[in-house]
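**Q** Show me the folded form of this:
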Amino acid sequence: MDEPDLNFDIDALFAHLRDNLDHDPDEEQDWHFVLSSKDFPALEKVAGDLEKEFTVHLQEHVEEVGIDGNVERGDPILIVIQSGALTIDEVKQTSQKIQSLAEEHGFTYEGVECYDSIDDEELFGWIAPDEAGWRLRNMTDCGVPENSDLPWTFLVATPTFDAAEKIASALAKTRLEDHDLYDEPDDDGNFGLCVFVEGRNNEFELNETAEKISEIAKPEGGSLVGIQFYTREDVSEVFDSEAD
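**A** Model (predicted):
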């Protein structure tokens, strides 16, 4: 007997969550409904229509691994995300809506997948260094191609502003010269140093860079306390707005 396709058989998906993953039906999940099409502008238009009701993510450059192991360029995708403790009927209703959109616009409906929810604080705040790799894996699951360009930002906490300056100088000698220094201490009395890197969706390289920064910071009493996948502009927008 063929196994059910959990991307399309919602009854089987819920049974799998309940019987194999001990899923609590009252626990919020992120439900990803995926559309693909060669017509990226058409996906963009539909995304704009849906963003008032759902969270949407567009991915123009998608890499797919074929049966032979070769990596090929896939069609752009639109991920429509509905968060909550949804019932089977609610997931089916949304699935039918997305399926109807696919038929109306000539898209391919790739089905639905379910992930543990990430709250806004976890999503936008600093990620503990030992959890950043998990976030990369989640991004990959959501359609971000492996090894695609991705900004990395590392937050280093230091006991004094002088220590932050010395760490920044030492990092610059290893080509990690793009940084911002903060001359006002935080609530714990620490001074901050943000290091900006043009990275990739590559967990090994991320961990290697994090370890290098940690080793350089230690002699001056500094420590790597957070990682995010932000540009300098993102950091300013997210954390300046929090301060306001």
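**Q** Quick one: residues contacting the spatially most central residue of the chain.
**A** Residue closest to the average C-alpha location in the chain (C-alpha atoms, centre = their mean): residue 139, at 4.1 Å. For residue 139, the contacting residues are 150, 201, 229, by C-beta atoms under 8 Å, 6 or more residues apart in numbering. Yep, even glycine has a C-beta here, placed from its N, CA and C like the rest.
**Q** Could you check how many residues crowd around residue 18?
**A** 12 (other C-beta atoms under 10 Å).
**Q** What sits closest to it if chain neighbours are left out?
**A** residue 25 (7.6 Å; C-beta to C-beta, 6 or more residues apart in numbering).
**Q** For the contacts of residue 139, give me a markdown table that also has neighbour count and pLDDT.
**A** Shown next, in a markdown table, are the contacts of residue 139 (neighbours: other C-beta atoms under 10 Å; pLDDT from 0 to 100):
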| residue | neighbour count | pLDDT |
| --- | --- | --- |
| 150 | 17 | 91 |
| 201 | 19 | 91 |
| 229 | 18 | 89 |
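**Q** Which other helices and strands does the helix or strand that contains residue 57 contact?
**A** Counting by DSSP states H and E, the element that carries residue 57 is strand 55-59. Packed against strand 55-59 by the contact rule (3 or more C-beta pairs under 8 Å, 6 or more residues apart in numbering; DSSP states H and E) you find helix 40-50, strand 77-84.
**Q** For residue 133, find the nearest of those.
**A** strand 77-84 (21.2 Å; C-beta to C-beta).
**Q** rewinding a little: mean neighbour count for the helices and strands packed on strand 55-59 - can I get that in CSV?
**A** Formatted as CSV, these follow (neighbours: other C-beta atoms under 10 Å):
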stretch, mean neighbour count
helix 40-50, 15
strand 77-84, 20
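**Q** Relative to residue 32, which of the ones you listed is closest?
**A** Taking the helices and strands packed on strand 55-59 one by one with C-beta to C-beta, strand 77-84 is closest: 5.3 Å.
**Q** Quick check: what element follows the helix or strand of the chain with the lowest mean pLDDT along the chain?
**A** Lowest on mean pLDDT, DSSP states H and E among the helices and strands of the chain sits helix 120-124, with a mean of 50. Counting by DSSP H and E, the element after helix 120-124 in chain order, helix or strand, is helix 132-141.
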